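**Q** Let me see the structure of the following:
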Amino acid sequence: MRPSSDSCNAPLYTSCVMGEEIHAQLAALLSRRPIGRVHSIFENGINLAMGDALVFVGTTKNGRLPFGIHMGQESVRRLRFYVRRYDAVIAGTPDMIQFHHPAYPLMLDLSQAAPFHYGICADRYRTFRDIFNVNTFMKICLSWGVPTGLDVEWDRFLANDYMPDDPQYVTVQHTEQLLDALLSGEVRVIESHLRYFLGRGKGLTPSGDDFLVGLLAVHTMTQAFHPAFLTTLRHIVEREDITTDVSKAYLLHALHGRFSDKVTHVLNAMFTEDTSRFQAKLAQLLHTGHSSGIDTAFGIANAIMALRRYEHVRTSCDCIGGQRHFAASSRSNL
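**A** Take a look at the predicted model:
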């Protein structure tokens with residue numbers, strides 16, 4: 001039942017914040033896990049731990065999230081003022097979340113929140129030839145000029161310029177060997193390489209995890225990787241404290257094919273010949289977080305290169321930045 005229109009004025013609540021957008025599947029999750037706590041608080045929002053699930057309440061700075069309730073910066077500022085870590089949280093109805101601060105109880109009203117849902121259009125993919133904008137993708141990442149959070153530089157990576165004595169060489173080797181195992185079905189090899197990336201890096205979402213999200217996005221689009229990729233990754237993430245709670249939430253949603261709108265828009269734009277639209281969507285992803293967007297793009301790039309390598313498709317594309325001719329490359333065969 002929806003609360004009355006003056007529910008925000010009820011004397012029980014010191015303040016009320018209105019949610020503007022909510023992921024279409026969150027209401028069902030909150031009905032199954034109605035009791036939780038404030039997990040973490042930061043500039044752009046807060047995380048709620050609702051049972052074993054995480055819910056983000058905040059701005060769309062990092063995109064519309066598959067576990068997100070979104071609102072403007074001013075509403076987030078008010079929310080942050082009234083809540084504390086570990087405050088009890090109760091989803092009393094599908095349209096209301098109560099924060100039980102002892103002095104300043106707060107209500108989050110979701111009655112007017114617009115539902116959203118973004119999905120990767122996997123039905124458009126048949127072969128690698130269905131994907132446009134591959135060269136544009138690589139050119140933009142190369143020109144971005146910012147290394148990944150794993151300290152891999154795009155120009156050296158695309159030029160296959162890392163030597164065994166370079167610190168980044170181990171990471172580059174793990175990326176190639178993981179993709180080879182995912183495509184060739186070397187099940188025993190997959191787990192060791194997944195463990196190399198899980199939790200690797202700094203921040204709420206370590207760079208290695210963002211890289212894996214990029215791989216999962218391409219798999220959602222193509223279904224090209226061995227099933228052991230999903231089963232092994234899910235087994236590790238669900239049973240081990242190998243990464244942060246926030247990153248775990250991203251990975252678990254990605255395992256079910258759910259991603260932020262920024263990731264989804266890039267993958268879907270790969271199917272169009274509208275280069276300017278694709279460039280805009282990729283730029284939005286690359287701007288995400290400190291390096292999260294770049295690391296996710298690095299995962300997407302590696303997956304795409306591996307697909308081309310295994311499908312043995314050669315093209316006569318131009319050199320990227322004058323450094324690499326994909327048709328002649330031993331790594332990508334682009």
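**Q** how about the helices of the stretch 151-300 of the chain, start to end?
**A** 154-158, 169-184, 187-197, 207-222, 228-239, 245-255, 261-269, 275-286, 292-311 (DSSP state H, counting those that start in this stretch).
**Q** closest one to Ser40 among these?
**A** When the helices of the stretch 151-300 of the chain are compared by CB to CB, helix 245-255 sits nearest Ser40, at 7.4 Å. C-betas here are computed from N, CA, C, even on glycine.
**Q** quick one: average pLDDT of the closest one?
**A** Averaged across helix 245-255, the pLDDT comes to 96.
**Q** likewise stretch 149-161?
**A** 93.
**Q** Please verify my assumption that Gln168 contacts Tyr162.
**A** Yes - between Gln168 and Tyr162 there is a contact at 5.6 Å, judged by CB atoms under 8 Å.
**Q** tell me, what's touching these two both at once?
**A** Shared contacts of Gln168 and Tyr162 (CB atoms under 8 Å, 6 or more residues apart in numbering): Arg156.
**Q** quick one: low-confidence parts of the protein?
**A** 1-14, 311-334 (pLDDT under 70).
**Q** Run a quick neighbour tally on Val170.
**A** When counting by other CB atoms under 10 Å, one arrives at 12 neighbours for Val170.
**Q** mind checking how far it is from Leu204?
**A** 24 Å (CB to CB, to the nearest Å).
**Q** what are the phi and psi values for the residue nearest to Ile35 when sequence neighbours are not counted?
**A** Excluding its sequence neighbours, the residue lying closest to Ile35 (CB to CB, 6 or more residues apart in numbering) is Ile90, at 5.8 Å. Main-chain torsions, Ile90, degrees, to the nearest 10: phi -130, psi 130.
**Q** Check Arg37 too.
**A** Torsion angles, degrees, to the nearest 10, at Arg37: phi -150, psi 160.
**Q** Could you measure from it over to His70?
**A** From Arg37 to His70 the distance is 21 Å (CB to CB).
**Q** more neighbours, these two?
**A** His70 (24 against 15).
**Q** Confirm for me that the more buried one is in contact with Met18.
**A** No - using CB under 8 Å, His70 is not in contact with Met18, being 11.1 Å away.
**Q** Which secondary structure state does the nearest residue to Leu48 once chain neighbours are set aside sit in?
**A** Leaving aside its chain neighbours, Leu48 sits nearest to Val55 (4.4 Å; criterion: CB to CB, 6+ apart). Using DSSP: H, G, I helix; E, B strand; the rest coil, the structure places Val55 in strand.
**Q** Who are the contact partners of Val55?
**A** Contacts of Val55 by CB under 8 Å, 6+ apart are 26, 29-30, 36, 47-48, 67-69.
**Q** can you count the residues close to the residue nearest to His70 when sequence neighbours are not counted?
**A** Closest residue to His70 in three dimensions, ignoring its sequence neighbours and counting by CB to CB, 6+ apart: Glu21, at 4.2 Å. Counted with other CB under 10 Å, the neighbours of Glu21 add up to 15.
**Q** What distance do you get for Glu21 to Met71?
**A** For Glu21, the distance to Met71 - CB to CB - is 8 Å.
**Q** what ranges do the strands span in the stretch 51-200 of the chain?
**A** Shown for the stretch 51-200 of the chain, the strands assigned by DSSP state E, counting those that start in this stretch span residues 53-58, 68-70, 88-93, 96-100, 106-109, 114-116.
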